[in-house]
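Visitor: below are the sequence and a predicted model for it; my questions follow.
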Amino acid sequence: MPKLAYLGPEATFTEEALRILAPDAEGLPSANVSAALDAARRGEADGAVVPLENSLEGGISSTLDELAWGEPLLITAELLLPVQFSLLTRTEMPLSDVKRVYTHPAAITQCRGFVAREMPDAVVVPAPSTAAAAQEVADPGSPYDAAIAARIAGERYGLVELASGVGDRSDTVTRFIRLSRPGLLPEPTGSDCTSLVAFLTDDHPGALLEMLTEFSVRGVNLTRIESRPTGDGIGRYFFHFDFEGHVAEARVGEAVSGLRRICADVRFLGSYPRADGTAPQIKRGTADDDFAEAAGWLSRIRSGRP
Ligand SMILES: O=C(O)C(=O)Cc1ccccc1
């Protein structure tokens with residue numbers, strides 16, 4: 001039974017994701033994303049499950065930066081999970097009495113409209129996770145009146161559900177990833193995604209276009225691009241890329257090695273099955289057979305056997 005570290009404590013959305021991604025796994029709750037990933041790096045767990053992005057707000061910065069700067073880990077699976085938020089308190093109370101709310105930053109952005117409409121005077125404070133917020137609010141000495149978390153977090157920590165469905169959109173989806181220490185990649189399935197981070201050599205006109213061209217000329221469809229500051233001053237960024245296909249496929253391998261040639265550094269984050277099962281778009285001339293045929297032709301030319 002694998003042991004997987006996750007953003008805890010019990011009853012986070014990440015735990016729900018873990019139960020779906022790895023139903024047989026033993027969960028190891030961790031205080032934050034870095035701690036979960038460190039547990040996997042140190043071998044205290046076989047891997048980790050953490051949130052990566054959501055469809056309303058984009059990437060979860062702490063995860064993106066850990067993947068780029070921390071000891072390397074490999075993404076081996078992803079899951080898309082719709083999440084529902086509840087407003088949880090120790091006792092029944094009118095909404096107007098809720099003055100201090102505690103929850104994870106991703107929930108703050110996804111419930112902003114509800115808070116502005118129903119509790120305009122409330123202050124919302126960021127918590128390490130939604131379940132950590134629920135656990136804190138359950139403490140009678142807590143300075144917070146309410147947590148925004150999953151209904152099951154309310155049940156787990158003995159809170160009252162003052163309101164349910166407090167998210168601004170019911171169709172918001174969060175993307176979670178499973179990671180392991182570097183090793184063998186998952187086999188290609190025909191519906192895969194590859195992730196990497198790329199660092200520019202220097203700042204010059206067209207630098208981003210040059211990177212994008214490596215994908216474009218091989219017909220590789222990007223599914224996410226996100227810039228993050230390098231920390232070296234305003235205007236200095238590196239880039240997260242997700243794209244269709246597995247690095248074992250010729251067009252993807254060529255794009256990745258093309259990037260490697262023009263970037264200061266490329267960190268490969270993994271090729272893994274796509275959660276939505278969508279087959280990649282393959283443009284004419286970019287299938288594995290096309291690359292193999294052209295490579296054979298080139299080698300015949302080079303050896304004088306056209
Ligand atoms: O805090 C949690 O429960 C998490 O798993 C992170 C999170 C927070 C809000 C939406 C999705 C994931």
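Guide: Perfect, I can see it now.
Visitor: for the ligand, give me its nearest residue in the stretch 201-306 of the chain.
Guide: Across the stretch 201-306 of the chain, no residue is closer to the ligand than Ala275, which sits at 14.9 Å (Cβ to the nearest ligand atom). C-beta coordinates here come from the backbone N, C-alpha and C atoms, glycine included.
Visitor: correction: the stretch 151-300 of the chain
Guide: Closest point on the stretch 151-300 of the chain to the ligand, by Cβ to the nearest ligand atom, is Thr174, at 4.1 Å.
Visitor: so what's that residue up against?
Guide: Phe13, Ala17, Pro51, Glu53, Asn54, Ser55, Leu80, Leu81, Pro82, Val83, Ala106 (Cβ atoms under 8 Å, 6 or more residues apart in numbering).
Visitor: of those, closest to Ala255?
Guide: Lowest distance from Ala255 to these (Cβ to Cβ) belongs to Glu53, with 21.5 Å.
Visitor: list the contacts of that closest one.
Guide: Taking Cβ under 8 Å, 6+ apart, one finds Gly59, Ile60, Thr174, Arg175, Arg224 in contact with Glu53.
Visitor: one more: Thr201?
Guide: Shown in contact with Thr201 (Cβ under 8 Å, 6+ apart): Ala207, Ile262, Cys263, Ala264.
Visitor: with Ile301 instead?
Guide: Taking Cβ under 8 Å, 6+ apart as the test, Ile301 contacts no residue whatsoever.
Visitor: tell me the SS of it?
Guide: helix (DSSP: H, G, I helix; E, B strand; the rest coil).
Visitor: where does the stretch 101-250 of the chain dip in pLDDT?
Guide: By pLDDT under 70, the stretch 101-250 of the chain has no low-scoring segment.
Visitor: could you rerun that using 90?
Guide: For the stretch 101-250 of the chain, the stretches flagged by pLDDT under 90 are 170, 201-204, 231, 233, 235.
Visitor: how about the strands of it, start to end?
Guide: Along the stretch 101-250 of the chain, counting by DSSP state E, counting those that start in this stretch, strands occupy 123-126, 146-149, 160-164, 173-180, 192-199, 222-229, 237-244.
Visitor: mind checking those for the one nearest to Ser216?
Guide: strand 222-229 (8.9 Å).
Visitor: tell me which residues are up against stretch 206-224.
Guide: 53, 59, 193, 198, 200-201, 239-245, 251-252, 254-255, 258-259, 262-263, 280-283, 285-286.
Visitor: so how far is it from its chain's centroid?
Guide: Distance of stretch 206-224 from its chain centroid, counting by Cα atoms, centre = their mean, to the nearest Å, is 21 Å.
Visitor: so how far does it reach from one end to the other?
Guide: End-to-end distance of stretch 206-224 (Cα to Cα, to the nearest Å): 19 Å.
Visitor: report the buried residues of it.
Guide: By neighbour count on 16 or more other Cβ atoms under 10 Å, the buried set for stretch 206-224 is Ala207, Glu210, Met211, Leu212, Glu214, Phe215, Arg218, Gly219, Val220.
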